[in-house]
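Novice: Let me see the structure of the following:
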Amino acid sequence: MSFKVSRKILSQLPAEERDVDALEARLWSKTGGVCYLCEYKINKAAEDYEADHDKPEADGGETTVENLNLAHVSCNRMKRAAKSRHIRPFIKFTRFLADLEARIKYDGAFSFFGISPKSAVVNIGASEASFEFPDKSKRTVQIMREDNEAGTFSYVYVDVPRDAIFNDEECQPRVIKREQVGAIYGDLRRNPLHEPPSVRLSDVDAKGMTKLLMFDGQHKTIANWLMGRDRVVAKVYLDLSPEAAIELVNSIQAKIKKLPLSPFEMASKLSEEWEDKLSVYEKTVGEGGASEAGFIEWLPSDDRARAKQAFKAALIQRLLGDPDLRLSQYAKGGTAAHVVELTETVIRSKVLEKLLHTEPQEAAGEELAALRDMEASNITRVLNHFTDAAFEPQGDDGQMSDVERERARRIAYQSALAYVASLIRDLWGNVAMKSGSRFMLADELTEDQWKRVLEGIDRLVAHPVWTAEFESPEMQAVKVSWEKNQNAQAAFEGVALDLPYLIVGETSGFKKLWSSSK
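Specialist: The predicted structure is shown next:
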């Protein structure tokens, strides 16, 4: 891969420090080849990296070697999208999750935070409960009680240290989702924690010790730790059985559609009609045996076509509503100003629909959830890389050049976006060695495979068609395809923007077309 440095940074350095190779060597020596955002070692052979200001220019930072560091291009783009250096803890956590070979629950994050939970001493009185935590801190708090048809529930609110919270293996089925942690982490930078995590007590052991088992709120808790906090206020139930905790969680999730416990992760995007039928189906076959294809077959034949359309729309909406998907920020009516504006309809039909596998899957239960999670994660990563390259300024000053503006404007044509999405899908299939027209982008690619995919997207965005003058017949055909929203594939293939180009970057047979590029 390669070292990148913006023209603006080079122009602001003293003349004797503008040699790119020498600058790279100095920064590599200064940083030890470590990304200053995620703090992982940079792999020169497999990762793009660049020079970036430690203290931003907007905060008075100077363009000097002393104020420059090395950063993965991907990490730096994530930082820039957040408009805040406070994103660094989340970038580190994102890299930690990416390096794991399996999905994790709350306890899977212990090593990242250096947490080794231990039991606490809890004494429950008539009106107060006292806690002695592993860090030797002590709290005495008032007991609250609620009566209903199920009985009396006793609980307290208490600030609990990191090393006193265990994951409730018996009652907590949810895996950690990076985007959910990120959304809460961003919110906590502006607002207090609205609802505390929920904890129950384990049975007291022979030494009078009990574990505080978190059965709800693991994303909130991790977001708190990313904030640098050592304690979090928790709602601790004093006499809640595992069965009651599970019933409570299921009840909560039934009312909070954005976090379904069902393996059908897009269930929250279904209409009430289909969500209710899905709930009955899951109860009938059991959550572990529920599949998309099985649900369609379970329905009366007259309902199946509509149900398929509902699932397709729900899958697309789930991804469109993902706060990590930066392409959705370009939808009209958003709060941010961009060079191009896309309608949600265009993003849905021209991009997401071409990348998502919308046919019902035979996989069931957790396998289904993992498959759809991986698909969504891969598509988000691919589209974020494309979005940053196509629609974001590439210089360190945050301003788009005239060439970048023209490129973004052309790529935003509906026929162009649709062809781009199809090319990206074909590129994925080539790298992952998939065949057929409707495979899923749910593969766990190796580092080398990801490198090839992202390099192909970079070639796609760098193709001269996005900036060349419309003087040749081939470029005229491209222009007509944009204006009439038709024949895009033939037009783009006519200027060598095709899968072979994405793989090897060869347009030598068409150099005459680019002689008067912008």
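Novice: and Asp203, what is it in contact with?
Specialist: Shown in contact with Asp203 (CB atoms under 8 Å, 6 or more residues apart in numbering): Thr210. All C-beta atoms are positioned from the backbone trio N, CA, C, and that covers glycine.
Novice: buried set for the top strand by length along the chain?
Specialist: Criterion DSSP state E: the longest strand present in the chain is strand 151-161. For strand 151-161, burial by neighbour count (16 or more other CB atoms under 10 Å) applies to 153, 155-156, 158-161.
Novice: if you average pLDDT over that strand, what comes out?
Specialist: Mean pLDDT, strand 151-161: 95.
Novice: Kindly report the same for stretch 498-505.
Specialist: 90.
Novice: Over to stretch 323-331?
Specialist: The model assigns stretch 323-331 a mean pLDDT of 82.
Novice: likewise stretch 212-221?
Specialist: 94.
Novice: Outside of that stretch itself, list whatever touches it.
Specialist: By CB under 8 Å, 6+ apart, stretch 212-221 touches 105-106, 120, 160, 164-168, 170-172, 174, 176-177, 180-181, 184, 193, 195-202, 232, 234, 236, 245-246, 248-249, 252.
Novice: List the residues that contact Ser291.
Specialist: 360-365, 368.
Novice: distance of it from Phe439?
Specialist: In this view, Ser291 and Phe439 are 18 Å apart by CB to CB, to the nearest Å.
Novice: do the same with Ala206
Specialist: On the measure of CB to CB, Ala206 and Phe439 end up 55 Å apart.
Novice: Give me the more crowded residue out of those two.
Specialist: Neighbours were counted for Ala206 and for Phe439 using other CB atoms under 10 Å; Phe439 has more, 14 against 5.
Novice: which residues sit in contact with the more buried one?
Specialist: Taking CB under 8 Å, 6+ apart as the test, what Phe439 contacts is 357, 429, 432.
Novice: Tell me how far Arg410 lies from Ala488.
Specialist: Computed as CB to CB, the Arg410 to Ala488 distance reads 12 Å.
Novice: shared neighbours of the two, anything?
Specialist: Counting by CB under 8 Å, 6+ apart, the shared contacts of Arg410 and Ala488 are 416, 482.
Novice: Mind checking which of these two has more residues around it?
Specialist: Using other CB under 10 Å, the more surrounded residue of Arg410 and Ala488 is Ala488, with 23 against 18.
Novice: With adjacent residues omitted, what lies nearest to that one?
Specialist: Ser415 (3.9 Å; CB to CB, 6 or more residues apart in numbering).
Novice: what's near enough to touch the one you found?
Specialist: Ser415 neighbours (CB under 8 Å, 6+ apart): 481-482, 485-488.
Novice: Quick one: distance of the helix or strand encompassing it to the chain centre.
Specialist: If you go by DSSP states H and E, Ser415 is part of helix 414-432. Computed by CA atoms, centre = their mean, to the nearest Å, the chain-centroid distance of helix 414-432 equals 20 Å.
Novice: Give me the mean pLDDT for it.
Specialist: Here the average pLDDT along helix 414-432 is 94.
Novice: Quick check: next helix or strand after that helix?
Specialist: Remark: after helix 414-432, the chain's next helix or strand is helix 447-462, criterion DSSP H and E.
Novice: Would you mark the buried spots in that following helix?
Specialist: For helix 447-462, using 16+ other CB under 10 Å, the buried residues are 450-461.
Novice: got it, and stretch 8-25?
Specialist: 9-10, 12-13, 23-24.
Novice: on that earlier part again, reformat the buried residues of helix 447-462 into CSV and put distance to Ala307 next to each item.
Specialist: Shown next, in CSV, are these (distance: CB to CB, whole Å):
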residue, distance to Ala307
Trp450, 35
Lys451, 40
Arg452, 37
Val453, 33
Leu454, 36
Glu455, 40
Gly456, 36
Ile457, 34
Asp458, 40
Arg459, 40
Leu460, 36
Val461, 38
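Novice: could I get those as TSV with distance to Lys30 and pLDDT?
Specialist: Formatted as TSV, the buried residues of helix 447-462 follow (distance: CB to CB, whole Å; pLDDT from 0 to 100):
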residue	distance to Lys30	pLDDT
Trp450	27	91
Lys451	25	91
Arg452	30	92
Val453	31	94
Leu454	26	93
Glu455	27	93
Gly456	32	95
Ile457	30	95
Asp458	27	93
Arg459	31	93
Leu460	34	95
Val461	31	94
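Novice: so which of those comes closest to Leu499?
Specialist: Among these, Gly456 lies closest to Leu499 (CB to CB), at 8.6 Å.
Novice: Make sure the closest one is actually in contact with Leu427.
Specialist: Yes - Gly456 is within contact range of Leu427, at 4.5 Å (criterion: CB atoms under 8 Å).
Novice: most residues in a single helix of this protein, which one?
Specialist: Using DSSP state H, we find that the single longest helix of the chain is helix 365-391.
Novice: Mind giving me the packing neighbours of the following helix or strand past that helix?
Specialist: Using DSSP H and E, the next helix or strand after helix 365-391 towards the C-terminus is helix 402-411. Using 3 or more CB pairs under 8 Å, 6 or more residues apart in numbering; DSSP states H and E, the elements in contact with helix 402-411 are helix 365-391, helix 414-432.
Novice: Show me which parts of helix 402-411 are buried, residue by residue.
Specialist: Buried-residue list, helix 402-411, by 16+ other CB under 10 Å: 404, 406-408, 410-411.
Novice: From the residues you listed, pick the one nearest Val346.
Specialist: Distances from Val346 to the buried residues of helix 402-411, taken by CB to CB, are shortest for Ile411, at 12.0 Å.
Novice: check contacts around the residue lying closest to the closest one once chain neighbours are set aside.
Specialist: Spatial nearest neighbour of Ile411, chain neighbours left out: Ala390 (5.0 Å); criterion: CB to CB, 6+ apart. Taking CB under 8 Å, 6+ apart as the contact definition, Ala390 lies against 407-408, 411, 461.
Novice: quick check, nearest of those residues to Tyr49?
Specialist: Val461 (18.5 Å).
Novice: where's the closest one relative to Lys451, distance?
Specialist: Taken as CB to CB, the span from Val461 to Lys451 is 16 Å.
Novice: Equivalent analysis for Leu427, please.
Specialist: 12 Å.
Novice: For Leu497, give me its contacts.
Specialist: Leu497 neighbours (CB under 8 Å, 6+ apart): 419, 423, 460, 463, 465.
Novice: Now do the helices in the stretch 51-200 of the chain.
Specialist: When secondary structure is read from DSSP state H, counting those that start in this stretch, the stretch 51-200 of the chain shows helices at 73-82, 88-99, 110-113, 178-188.
Novice: The first one packs against which elements?
Specialist: So that's helix 73-82. So helix 73-82, by 3+ CB pairs under 8 Å, 6+ apart, packs with strand 49-53, helix 88-99, helix 365-391.
Novice: Show me what the mean pLDDT comes to for that helix.
Specialist: If you average the pLDDT over helix 73-82, you get 72.
Novice: got it, and the shortest one?
Specialist: Predicted confidence along helix 110-113 averages 96 (mean pLDDT).
Novice: Could you check it and say which residues are buried?
Specialist: For helix 110-113, a neighbour-count test (16+ other CB under 10 Å) marks 110, 112 as buried.
Novice: do the same with the second one
Specialist: By neighbour count on 16+ other CB under 10 Å, the buried set for helix 88-99 is 88, 90-97.
Novice: Could you check the angle it makes with helix 447-462?
Specialist: Computed by axes from the mean of the first three to the mean of the last three CA atoms, to 10 degrees, the angle separating helix 88-99 from helix 447-462 equals 120 degrees.
Novice: ok, and what's touching stretch 18-26?
Specialist: Residues contacting stretch 18-26 (CB under 8 Å, 6+ apart): 3, 5, 10-11, 13, 17, 51, 65.
Novice: repeat that with 10 Å
Specialist: Around stretch 18-26, the neighbours that count as contacts under CB atoms under 10 Å, 6 or more residues apart in numbering are 2-5, 9-13, 16-17, 44, 49-51, 65, 68, 70.
Novice: Just the ones of these in strands?
Specialist: Among the contacts of stretch 18-26, the ones falling in strands (DSSP E) are 3-4, 49-51, 68, 70.
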